[in-house]
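Student: With the sequence up front, the predicted model follows.
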Amino acid sequence: MRPILRHPSIRLRLALVYTAVLVTTCAALLGLNYALLYHSLYTNIHGPSQAEMEAVADDPPPGDGWLVDEKLKSMRGDQAEVARLRTATLLNTAGTSAIALAITAMAGFGVSWVVAGRMLRPLRTLTATTRRISQDRLHERVALTGPDDEIKELADTFDEMVARLEASFAGQRRFVADASHELRTPLAIVRTGAEVLLAKRESTIAQWEAMGRRTLTATGRAERLLDGLLALARSDSGVIAHEPHDLAVAAAGALGEADGEAETAGLSATSDLRPAPVTGDPVLLDRLVRNLVDNAIRHNRPGGWVEVVTGHRDGTAVVTVRNSGDVVPAAEVDRLFEPFQRLASGRTASRGSAGLGLAIVRSIVRVHDGTVTAAPNAGGGLAVTVTLPAADAGGLE
């Protein structure tokens, strides 16, 4: 088993780096100071320069050569003594300078350790908060205060991430609870009907037929719910095909499939289907338009109307579905795009509705990089508009 090597902490490394920079700077200043001091210490400002002495030695004045030689010897002796004194003086001060540099290094390390600790304190707070956070404690936040520096930006980004996770987990828990409730309802209907019928000593054929019809209705509702959940999961996965398709063709197919249901409800359907080419998953795009049409038909009033319009506008493909119906409060519109959310109070689904239609629409639109908006009509009902990036119309030919 290989030994685990523990690396020095960031605080220690920062303190060592700061200390090294300080000591190096001080040593450079001392070296520069010694160089300047060496050339200025014990200097005779009235004496001849080295160049002047060499000039006299090379060309002595006539008749006084011996005197010049004596003076040059004396001057060179003085210069040698000055050099010795300079060296001795600098060596004597070198020990003091080394002690001062060591004291500076220790003091610098101490100050650097304290400063690094204060600078890294927010990171310790962030680490402690991260350790406390779990699936059941997503309400925890760092909430770092202080100047708007890089560490505070990191803490704020972390808080935003945790907030998104909290919303995601809350939505997931709500989705699972709602899905469990919706699936339990048709199963409870089937189970209750079977138990009641089996408890009777004598059951007629009509009673068995009635239970069979209730079973078919309940299982159909469960099947629609599962179909919607699968469509929602597929669109949320983000793995889609990229093929040319036309929303006008999808709208025509959706109106054709819903024609019988609209006629039964006494609804009048009108359409203005102009080319709206897009690139995406044809199955999901057909499901998107069909959900809009089904939603407009099922949430309507007897004798009402449905209008479907498709077209091309400003480089985008647009499909709009309007319908009559009950008045929709503007504050409730956004909630209708959440899974299992309906306008009516309570959790009982309307006939044929699982409460997933608009949620699936929003998910499909999102994965196709589009937008979906909804607005209540003045006389009741809803107008839902989907905008997707348009494709080249020639790609559909």
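Tutor: Yep, that arrived. Numbers count the residues shown, from 1 in each chain.
Student: the domain parsing of this structure - what is it?
Tutor: Domain assignment for the chain by automatic domain parsing gives 10-132, 242-396.
Student: Tell me where the stretch 251-397 of the chain has strands.
Tutor: Per DSSP state E, counting those that start in this stretch, the stretch 251-397 of the chain carries strands over the ranges 268-273, 277-280, 305-313, 316-323, 371-376, 382-389.
Student: Tabulate those strands (CSV), appending mean pLDDT and distance to residue 250.
Tutor: From N, CA and C alone the C-beta is placed, and that goes for glycine too. Listed next are these as CSV, based on pLDDT from 0 to 100; distance: least, C-beta to C-beta, whole Å:
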stretch, mean pLDDT, distance to residue 250
strand 268-273, 92, 10
strand 277-280, 92, 9
strand 305-313, 93, 8
strand 316-323, 94, 8
strand 371-376, 92, 15
strand 382-389, 94, 11
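Student: closest one to residue 31 among those strands?
Tutor: When the strands of the stretch 251-397 of the chain are compared by C-beta to C-beta, strand 382-389 sits nearest residue 31, at 67.3 Å.
Student: Against which helices or strands is the closest one packed?
Tutor: Packing contacts for strand 382-389, counted by 3 or more C-beta pairs under 8 Å, 6 or more residues apart in numbering; DSSP states H and E, involve strand 277-280, helix 282-298, strand 316-323, helix 357-367, strand 371-376.
Student: Name the residues that touch it?
Tutor: Applying C-beta atoms under 8 Å, 6 or more residues apart in numbering, the external contacts of strand 382-389 come out as 247, 278-280, 288, 292, 295-296, 299, 315-323, 325, 328, 333, 336, 358, 361, 365, 368-377.
Student: Tell me which residue is most central in the protein.
Tutor: residue 161 (6.5 Å; C-alpha atoms, centre = their mean).
Student: Which of the helices or strands spans that residue?
Tutor: Element membership of residue 161 [criterion: DSSP states H and E] is helix 150-199.
Student: how far is that helix from where the chain is centred?
Tutor: Remark: helix 150-199 is offset 23 Å from the chain centroid, using C-alpha atoms, centre = their mean, to the nearest Å.
Student: Now do that helix and helix 357-367, the angle between them.
Tutor: Put simply, helix 150-199 runs at 140 degrees to helix 357-367, going by axes from the mean of the first three to the mean of the last three C-alpha atoms, to 10 degrees.
Student: worst-scoring helix or strand of this protein, pLDDT-wise?
Tutor: Least confident helix or strand, the chain: helix 50-58 with a mean of 59, by mean pLDDT, DSSP states H and E.
Student: Filter the contacts of strand 382-389 down to the buried ones, ChimeraX style.
Tutor: Under the burial definition 16 or more other C-beta atoms under 10 Å, those of those that qualify are selected in ChimeraX by:
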select :247,278,279,280,288,292,295,296,299,316,317,318,319,320,321,322,323,325,328,333,336,358,361,365,368,370,372,374,376
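Student: What about residue 126, how many residues nearby?
Tutor: A count of neighbours around residue 126, defined by other C-beta atoms under 10 Å, yields 17.
Student: Could you list the low-pLDDT ranges of the stretch 101-250 of the chain?
Tutor: 135-136, 171, 174-179, 181-182, 224-225, 228-229, 231-240 (pLDDT under 70).
Student: do the stretch 251-397 of the chain as well
Tutor: Residue ranges of the stretch 251-397 of the chain with pLDDT under 70: 340-355, 392-397.
Student: So which other helices or strands are in contact with the helix ranked longest in the chain?
Tutor: For the chain, the helix with the greatest residue count under DSSP state H is helix 65-132. Counting contacts by 3+ C-beta pairs under 8 Å, 6+ apart, helix 65-132 packs against helix 10-40, helix 50-58, helix 150-199.
Student: just checking, what packs against the longest one?
Tutor: If contacts are counted by 3+ C-beta pairs under 8 Å, 6+ apart, helix 150-199 sits against helix 65-132, helix 205-237.
Student: Can I get those in JSON lines including distance to residue 152?
Tutor: Putting those into JSON lines (distance: least, C-beta to C-beta, whole Å) gives the following:
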{"stretch": "helix 65-132", "distance to residue 152": "7"}
{"stretch": "helix 205-237", "distance to residue 152": "34"}
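Student: Which stretch among these approaches residue 195 most closely?
Tutor: Of all the helices and strands packed on helix 150-199, helix 205-237 sits nearest to residue 195, with 10.4 Å by C-beta to C-beta.
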